[in-house]
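S.K.: I would like the atomic coordinates for the input below:
(chains A, B, C and D)
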Number of protein chains: 2
Amino acid sequence: MSREIRRTMPLLSMNIVMQLTELSARQIRYYEEHHLIEPHRTEGNRRMFSLNDVDTLLEIKDYLDQGMNMAKIKKLFAKKNEPVSTDERDLSDSELRHIMREEVRQAQRMQKSSIRRGDLSRFY
Amino acid sequence: MSREIRRTMPLLSMNIVMQLTELSARQIRYYEEHHLIEPHRTEGNRRMFSLNDVDTLLEIKDYLDQGMNMAKIKKLFAKKNEPVSTDERDLSDSELRHIMREEVRQAQRMQKSSIRRGDLSRFY
DNA sequence: ATCTCATGTTAGGAAACCTTACATGAGTGG
DNA sequence: CCACTCATGTAAGGTTTCCTAACATGAGAT
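M.R.: Model prediction:
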């Protein structure tokens, strides 16, 4: 629980998130527009990102590399954040299962980013 | 070793280092002047701090709270960074021993900073 | 009573970031 | 093949954050 506080602590500025993720500012802001991340703001309206945000961005990047579009990614994240249902049946339509399969199948191909997904654990 | 890379990675801007340490920008720059830290610089000359830097700053803060002055703190850090001598005798004058005793004695009193020294490990 | 040290404060300028708006190239569907 | 949409690039104009340099100051030591 206190671990969650750490990961959600807004420590990082645009600059270094761009470096860590190799995304452009434009991309990062676009993903925020689509509510995939919601970085903190300083008093002066500057975005401050948490390590969780960086993880999410790396995930988004992977999904886009796989040819997924915003709409699908949004759904995917929506599912993830759903409270765990005791009845599994009602959260998986065939499309979601397909996406999940894609994701698994792709797990080997990820060799491109400066920081591969999951590697962020190096930082905390 | 790769762990050392993490801790020395320049991730943090002035802003958040001020928050994490509860030091003023003036203080942080002053300590840099005295070569107690040497933050990275962006292309545009902005300071970027590592977690190690933050640790060091918290240490400095403690020492100053104890009434130590820059000169002493500098010596202390110099000793710390000295290669470990096989002959212990030549690194400890009575003054250093005194300082160390002070530090231990003080270990209970530290309750003030937003982040107590050592607690930074929460972040990586 | 003066000096030094650690820090505050102010000024002027540069870098980084903000939003908004328009441009564009790659796919997609009619 | 034409029009659309989507993800991203880019430019403009404005604000915030950070920079250095310089001077101010209060507390302790000499």
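S.K.: use CA for all of it now, contacts and neighbours both
M.R.: Fine.
S.K.: Now do the helices in chain A.
M.R.: Assigned by DSSP state H, the helices in chain A fall at A:2-7, A:14-21, A:25-33, A:51-65, A:70-81, A:94-106.
S.K.: so which of those gets nearest DNA strand D?
M.R.: helix A:70-81 (3.5 Å; CA to the nearest atom of the strand).
S.K.: can the closest one be found next to DNA strand D?
M.R.: Yes - judged by CA under 7 Å from any atom of the strand, helix A:70-81 and DNA strand D are in contact via A:Met70, A:Ala71.
S.K.: do stretch A:40-48 as well
M.R.: Yes - counting by CA under 7 Å from any atom of the strand, DNA strand D is contacted by stretch A:40-48 at A:Thr42, A:Glu43, A:Gly44, A:Asn45, A:Arg46.
S.K.: Out of the helices of chain A, which gets nearest to DNA strand C?
M.R.: helix A:14-21 (3.6 Å).
S.K.: helices or strands next to the closest one in the packing?
M.R.: When contacts are defined as 3 or more CA pairs under 8 Å, 6 or more residues apart in numbering or on different chains; DSSP states H and E, helix A:14-21 sits against strand A:47-49, helix A:51-65.
S.K.: Any idea which of those gets closest to B:Tyr31?
M.R.: For the helices and strands packed on helix A:14-21, proximity to B:Tyr31 was assessed by CA to CA; strand A:47-49 is nearest, at 25.5 Å.
S.K.: Remind me what that closest one packs against, helices and strands.
M.R.: By 3+ CA pairs under 8 Å, 6+ apart, strand A:47-49 packs against strand A:12-13, helix A:14-21, strand A:40-41.
S.K.: how about the helices and strands packed on helix A:14-21 in TSV, adding mean pLDDT and distance to A:Leu36?
M.R.: As requested, the helices and strands packed on helix A:14-21 are exported to TSV (pLDDT from 0 to 100; distance: least, CA to CA, whole Å):
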stretch	mean pLDDT	distance to A:Leu36
strand A:47-49	98	13
helix A:51-65	96	8
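S.K.: JSON lines for these, including mean neighbour count and distance to B:Val17?
M.R.: Putting those into JSON lines (neighbours: other CA atoms under 10 Å in any protein chain shown; distance: least, CA to CA, whole Å) gives the following:
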{"stretch": "strand A:47-49", "mean neighbour count": "20", "distance to B:Val17": "13"}
{"stretch": "helix A:51-65", "mean neighbour count": "20", "distance to B:Val17": "16"}
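S.K.: who wins for proximity to A:Ile37 among those?
M.R.: Closest among those, once you apply CA to CA, is helix A:51-65, at 6.2 Å.
S.K.: could you check the angle helix A:70-81 makes with that closest one?
M.R.: The directions of helix A:51-65 and helix A:70-81 differ by 140 degrees, with axes from the mean of the first three to the mean of the last three CA atoms, to 10 degrees as the criterion.
S.K.: sorry, back to before: among the residues of stretch A:40-48 next to DNA strand D, which pair sits farthest apart?
M.R.: For those, and using CA to CA, no pair is farther apart than A:Glu43 and A:Arg46, which are 7.4 Å apart.
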